[in-house]
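In: Give me the fold of what follows.
(one chain, ligands or ions: 2)
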Amino acid sequence: MKILVTGGAGYIGSHTAVELAQAGYEPVLIDNFSNSRPSAVDGIARVLGRRLPFYEGDCCDADFMRRVFESEKDVAGAIHFAALKAVGESIEKPELYLRNNLGSLKNLMDAMEKFNARYLVFSSSACVYGEADELPVREETSLKRPESPYGETKQECERMIEEAVAKNRPFRAVSLRYFNPIGAHPSAHIGELPLGIPNNLVPFVTQTAAGILPELVVFGNDYPTPDGTAIRDYIHVVDLAKAHVKALEYLRTKSEKREGKCEKADMNGSSPVAFHPSPFHEIFNLGTGRGNSVFEVIKTFEEVNGLKLKYRVGARRQGDIAALYASCDKAQRELGWKATLTLAEGLRDAWKWQCSLK
Ligand code: NAD
Ligand code: WQD
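Out: Ligands and ions are numbered 1, 2, ... in the order given. Take a look at the predicted model:
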């Protein structure tokens with residue numbers, strides 16, 4: 001079964017492409033390299049021992065999207081990773097974020113409808129919860145106004161999918177709210193490749209350990225948490241990637257159940273039997289269900305890699321919240337997915353990947 005992977009050269013997209021291919025799907029990658037490099041596509045080929053179909057272009061370009069669907073013919077669905085994701089940059093350039101993140105989803109949905117591709121998996125984010133009313137955060141926890149235009153684009157994209165389904169456009173969709181992805185493929189052929197100064201904690205940690213950055217600044221130790229530093233839910237990117245395979249299986253089986261019909265498993269590219277299940281959109285948190293503080297991340301990184309990290313405590317970062325971690329009961333119950341890799345494994349693989357870049 002052919003699945004478009006937009007943003008397939010990116011951090012989570014590249015790992016998901018590997019898991020999809022290994023599960024028997026046929027991933028077709030799209031990326032405009034606005035936040036990635038062609039070397040990521042080579043890395044995927046090294047893991048798999050073969051190259052995946054790849055199209056360089058912008059998902060906001062309707063003609064480009066049409067050409068991809070025409071060339072590939074029988075695309076069954078898409079996993080939509082393509083988005084800009086730097087929270088700070090989104091505050092400086094809100095229009096760019098709105099245009100890219102909303103425009104790419106709109107174009108993708110239009111092309112999917114036209115070419116009869118019905119399965120849609122959307123990359124959402126825990127940032128839609130803002131400063132949550134309860135912990136762990138459940139999918140039903142009320143959403144707050146996000147701290148950034150980036151977060152607003154994620155809320156708006158979820159709304160766009162909801163609205164499309166309400167209007168009976170032919171999508172069977174899931175939005176996956178990722179918590180804090182970390183780590184890399186254990187082969188060290190693919191991983192997170194921040195262009196310029198990183199945005200997230202773990203690349204800061206690994207680049208500091210590698211001597212690329214002079215020191216890590218811990219953003220505040222006066223939070224109401226046991227050690228005073230902020231708590232997040234760090235999920236290994238390979239666990240996260242596997243959840244996308246489960247999400248596709250869920251979309252396929254739920255579509256069948258809703259119709260009371262049986263869609264023949266169609267992993268070889270032949271057309272599925274005709275059926276028209278009613279559209280739906282489900283939301284899942286993807287995290288570990290555990291929270292770890294910044295100090296715990298530093299200590300674990302040092303222990304698992306036998307290193308000392310240069311860090312100091314600085315001021316809080318504006319917009320940061322004290323604690324956020326997921327309830328993943330729904331994903332376990334309905335997708336049959338649960339994170340299995342530990343924080344230590346994530347930090348070991350992140351360091352192995354960083355070392356491979358030297
Ligand atoms: P990433 O930047 O590594 O990957 C995104 C990819 O999309 C990049 O390769 C970029 O070049 C590409 N891209 C962006 N706009 C495009 C466009 N218009 N057309 C074609 N390609 C385009 O980011 P990631 O960490 O892999 O994130 C993937 C998705 O997950 C994003 O939607 C992001 O918002 C979401 N997400 C990420 C995190 C995180 O911390 N990494 C957390 C929650 C949600
Ligand atoms: C984690 C913790 C920082 C850097 C962001 C987005 C969210 C999602 C994931 C996309 C926080 C602390 C960090 C540093 C530090 N992305 N920190 N020193 O802010 O939880 O979430 O990425 O959807 O939307 O907001 O992740 O990795 O930036 O920070 O002390 O140099 O590490 O304060 O507590 P965050 P992060």
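
In: from here on, contacts and neighbour counts on C-alpha atoms
Out: Will do.

In: gap between Gly10 and Ile182?
Out: 13 Å (Cα to Cα, to the nearest Å).

In: what's near enough to touch Ile309?
Out: I think there's a mix-up here, since residue 309 is Leu and not Ile. Leu309 makes contact with Val205, Thr208, Ala209, Glu215, Leu216, Ile298, Glu302, according to Cα atoms under 8 Å, 6 or more residues apart in numbering.

In: Just among those, which is most surrounded?
Out: Tallying neighbours with other Cα atoms under 10 Å puts Val205 at the head of the contacts of Leu309, with 25 neighbours.

In: which SSE is it in?
Out: Using DSSP states H and E, Val205 sits within helix 201-209.

In: ok, that helix near ligand 1 or not?
Out: No. Helix 201-209 does not reach ligand 1 (Cα under 6 Å from any ligand atom); its nearest approach is 9.5 Å.

In: ok, now stretch 35-50?
Out: Yes. Against ligand 1, stretch 35-50 shows contacts by Cα under 6 Å from any ligand atom at Asn35, Ser36.

In: can you tell if the helix or strand of the chain with the lowest mean pLDDT touches ligand 1?
Out: Least confident helix or strand, the chain: helix 237-259 with a mean of 92, by mean pLDDT, DSSP states H and E. No. Judged by Cα under 6 Å from any ligand atom, helix 237-259 and ligand 1 are separated, with a smallest distance of 8.8 Å.

In: and for that helix, what are the contacting residues?
Out: Residues outside helix 237-259 that contact it (Cα under 8 Å, 6+ apart) are 12-13, 15-16, 19-20, 23, 119, 121, 172-174, 178, 181-185, 262-263, 275-278, 286-287, 334-341, 346.

In: Intersect these with the contacts of ligand 2.
Out: Restricting the contacts of helix 237-259 to those near ligand 2 - Cα under 6 Å from any ligand atom - leaves none.

In: about what we covered before: who does whichever helix or strand comes after the helix holding Val205 pair up with?
Out: Using DSSP H and E, the helix or strand that follows helix 201-209 towards the C-terminus is strand 216-219. Sheet pairing of strand 216-219 (DSSP bridges) gives strand 311-314 (parallel).

In: Tell me the confidence at the closest residue to Val313 other than its chain neighbours?
Out: Among residues not flanking Val313 along the chain, Val218 sits closest, at 4.6 Å (Cα to Cα, 6 or more residues apart in numbering). Note for Val218: predicted pLDDT of 98.

In: So what's the residue count around Val218?
Out: 19.

In: same check, this time on the one 5 residues further on
Out: By other Cα under 10 Å, 16 other residues sit near Tyr223.

In: now the one 10 residues further on
Out: When counting by other Cα under 10 Å, one arrives at 25 neighbours for Asp233.

In: And for Arg169?
Out: The number of residues near Arg169, taken as other Cα under 10 Å, comes to 18.

In: could you say which helix or strand contains Ser175?
Out: strand 172-178.

In: Now do that strand, average pLDDT.
Out: Averaged across strand 172-178, pLDDT comes to 98.

In: Show me what that strand is in contact with.
Out: With Cα under 8 Å, 6+ apart, strand 172-178 has contacts from 118-126, 158, 161, 165, 240, 247, 251, 255, 278-287.

In: any idea how far that strand is from the chain center?
Out: How far strand 172-178 lies from its chain's middle: 10 Å, per Cα atoms, centre = their mean, to the nearest Å.

In: and that strand with ligand 1, contact?
Out: Yes. Counting by Cα under 6 Å from any ligand atom, ligand 1 has neighbours in strand 172-178: Tyr178.

In: Which SSE is immediately downstream of that strand?
Out: Heading C-terminal from strand 172-178, the first helix or strand you meet, by DSSP H and E, is strand 180-182.

In: just checking, what packs against that following strand?
Out: For strand 180-182, the elements it packs on are strand 234-236, helix 237-259, helix 343-356, judged by 3 or more Cα pairs under 8 Å, 6 or more residues apart in numbering; DSSP states H and E.
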